[in-house]
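Participant: model this:
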Amino acid sequence: MFEGSPPRLLPWTRPDGGPCYLSTDDPDSHLSVLADTVEAELLAAAEALLDDAEAPAAVPDTEPREQCRTATLRSALRDVLRIAVSRGERLPEPCDHGETKLCEGRTCCRACRRQIYL
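Facilitator: Down below sits the predicted model:
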């Protein structure tokens, strides 16, 4: 059975485009902190892009098909940002016991069985 935290999907990819994962129980490790920083920067960049993106109807000489595609992309980006922020806000703070185990498919504190990751 799997012990400890599940691998974390990192916000960057391998050179071949495949996903990168980090396996650690230390949220303060160098790679964990770097991943947190990159994720925050990516969310901020997406928010800035959404803020700067003009409504498709406001751009003159835009084809109706492009207007529809742009509106759909803006809507999808807005939804993804809302989900990312919502999930981040639901992550519980780790307890002080430090050791984890898998409890009913979730990572929990070994001492108090408090769920650590969603």
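Participant: Helix or strand for L9, just tell me which one.
Facilitator: Here L9, judged by DSSP states H and E, is contained in strand 8-13.
Participant: check contacts around P15.
Facilitator: The contact partners of P15, by C-beta atoms under 8 Å, 6 or more residues apart in numbering, come to none. Heads up, the C-betas are built off the backbone N, CA and C, glycines and all.
Participant: The next helix-or-strand element following the strand holding L9 packs against which elements?
Facilitator: Next helix or strand after strand 8-13 toward the C-terminus (DSSP H and E): strand 19-22. Of the remaining helices and strands, those touching strand 19-22 by 3 or more C-beta pairs under 8 Å, 6 or more residues apart in numbering; DSSP states H and E are strand 8-13, helix 30-52.
Participant: returning to that earlier point: if you count contacts, what does the strand holding L9 end up packed against?
Facilitator: Against strand 8-13 (3+ C-beta pairs under 8 Å, 6+ apart) you get strand 19-22, helix 30-52.
Participant: in that strand, what's buried?
Facilitator: R8, L10, P11 (16 or more other C-beta atoms under 10 Å).
Participant: Stretch 35-53 too?
Facilitator: Here stretch 35-53 shows A35, L43 as buried, counting by 16+ other C-beta under 10 Å.
Participant: all numbers from here: first residue = 36
Facilitator: Sure thing, new numbering starts at 36, so read that last one as stretch 70-88.
Participant: what residues does that stretch touch?
Facilitator: Contacts of stretch 70-88 (C-beta under 8 Å, 6+ apart): 43, 45-47, 57, 105, 109, 112-113, 115-116, 119-120.
Participant: how about a cut-off of 6 Å?
Facilitator: In this structure, residues lying in contact with stretch 70-88 by C-beta atoms under 6 Å, 6 or more residues apart in numbering are L45, P46, R109, L112, L116.
Participant: From L66, how far out is the first one?
Facilitator: Going back to what we said before, that points to L45. According to C-beta to C-beta, to the nearest Å, L45 stands 8 Å off from L66.
Participant: which neighbours do these two share?
Facilitator: By C-beta under 6 Å, 6+ apart, the residues touching both L45 and L66 are L57.
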